[in-house]
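[1] structure for this input, please:
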Amino acid sequence: MPIYEYQCQACEHELEKLQKLSDAPLSDCPECGKSALKKKISAAGFRLKGAGWYETDFKTGKKKNLAGSSDSAGAASTATNSSSKSGSD
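    Modelled structure (predicted):
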């Protein structure tokens, strides 16, 4: 269930309410009692970051698993550099 933010147009009181999508918007302010609540538009309270299912599920080709590809590319170049140095001695 999403959390909705409301602000009273009469007294400027702000509140958050956990509601179902099918629930009717609140209208009565719990602070002043007037029917002046308006739903605010706000961003989500969290953001998913890093490697995981949400990063790779909808990507195709070279775009898939970007976090892992940069790490493995760096490890491969390090391995190549160390083997070429030891071979030239």
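[2] quick check: Ala10 vs Ser35, distance?
    Computed as C-beta to C-beta, to the nearest Å, the Ala10 to Ser35 distance reads 9 Å. Backbone N, C-alpha and C define where each C-beta goes, glycine included.
[3] find residues that contact each of those two.
    With contacts defined as C-beta atoms under 8 Å, 6 or more residues apart in numbering, the residues shared by Ala10 and Ser35 are Cys29.
[4] pLDDT weak spots in the protein?
    For the chain, applying pLDDT under 70 flags the ranges 44-89.
[5] contacting residues for Pro25?
    Taking C-beta under 8 Å, 6+ apart, we find Pro25 in contact with 4, 6, 37, 39.
[6] quick one: which of those residues is nearest Ser27?
    Ser27 lies nearest to Leu37 out of the contacts of Pro25, by C-beta to C-beta, at 5.4 Å.
[7] the residue nearest to that closest one when sequence neighbours are not counted: neighbouring residues, count only.
    Sequence neighbours aside, Tyr6 is the residue nearest to Leu37 in space, at 4.7 Å (criterion: C-beta to C-beta, 6 or more residues apart in numbering). Number of residues near Tyr6 (other C-beta atoms under 10 Å) recorded here: 19.
[8] follow-up on the earlier one: export the contacts of Pro25 to JSON lines and tack on secondary structure and distance to Lys17?
    Below are the contacts of Pro25 laid out as JSON lines (DSSP: H, G, I helix; E, B strand; the rest coil; distance: C-beta to C-beta, whole Å):
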{"residue": "Tyr4", "secondary structure": "strand", "distance to Lys17": "5"}
{"residue": "Tyr6", "secondary structure": "strand", "distance to Lys17": "6"}
{"residue": "Leu37", "secondary structure": "strand", "distance to Lys17": "9"}
{"residue": "Lys39", "secondary structure": "strand", "distance to Lys17": "9"}
